[in-house]
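>>> Here's my sequence, what's the structure:
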Amino acid sequence: MRVVVNHETYGEIVYEESFWTGKKEISVGGIPLFKVRKNCYAYQCGEQTVSVDVKGSAYFGASLMIGRDEIVITPKPAWYEILLLALGFGFVLTWGNSVALCSIVPIVGGAIGGAVCGFMVVLTIGLLRTVRTFGKKFAVWLGMVLATFGINFLLALLLLETLA
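Sure thing, here's the model as predicted:
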């Protein structure tokens, strides 16, 4: 995910975070930052080296601490976004671990179902960041819950076919 923020003091701040590895690349005012420690970066500003601390991630809210200035890169998810994610995750996992419900429509539960749900939750967070209104966020969330359910259903059919 790439985010560009224009700041009145530091100019253009470019924050890039890899979805797969979590690797971060940051530049402030066109000057790339070099990594000092896990979440600590630095850059040369003339003769002076400025320390930059990164808090959070692009998906759950990221901010930079440059000296005493805190610059919000991505805001934290709203309470209703967290609630929707938990409801979708809980629905699919509950269905996958219930014998009665899986006798109606089988889906994969346990570790495989949880892994699929976890992956889809991260994708959903990324997609929810791209839309603004609650109605569109709800539609995206519902689509992702149905996609998660469908993937776990197809995996269940595949496993039932190989075991039969």
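>>> so what's the residue positioned nearest the centre of the chain closest to, chain neighbours aside?
Nearest to the geometric centre of the chain sits Tyr59, at 3.6 Å (CA atoms, centre = their mean). Take Tyr59 and drop its neighbours on the chain: the residue closest to it by CB to CB, 6 or more residues apart in numbering is Ile125, 4.7 Å away. (C-beta placed from N, C-alpha, C; glycine too.)
>>> residue ranges for the helices of this structure, please.
79-96, 99-104, 110-128, 134-163 (DSSP state H).
>>> Would you mind saying which of those lies nearest Cys45?
helix 110-128 (32.2 Å; CB to CB).
>>> between the closest one and helix 79-96, how many degrees?
Counting by axes from the mean of the first three to the mean of the last three CA atoms, to 10 degrees, helix 110-128 lies at 150 degrees to helix 79-96.
>>> residues touching the closest residue to Cys45 other than its chain neighbours, list them.
Leaving aside its sequence neighbours, Cys45 sits nearest to Ile31 (CB to CB, 6+ apart; 7.5 Å). Counting by CB atoms under 8 Å, 6 or more residues apart in numbering, Ile31 makes contact with 43-45.
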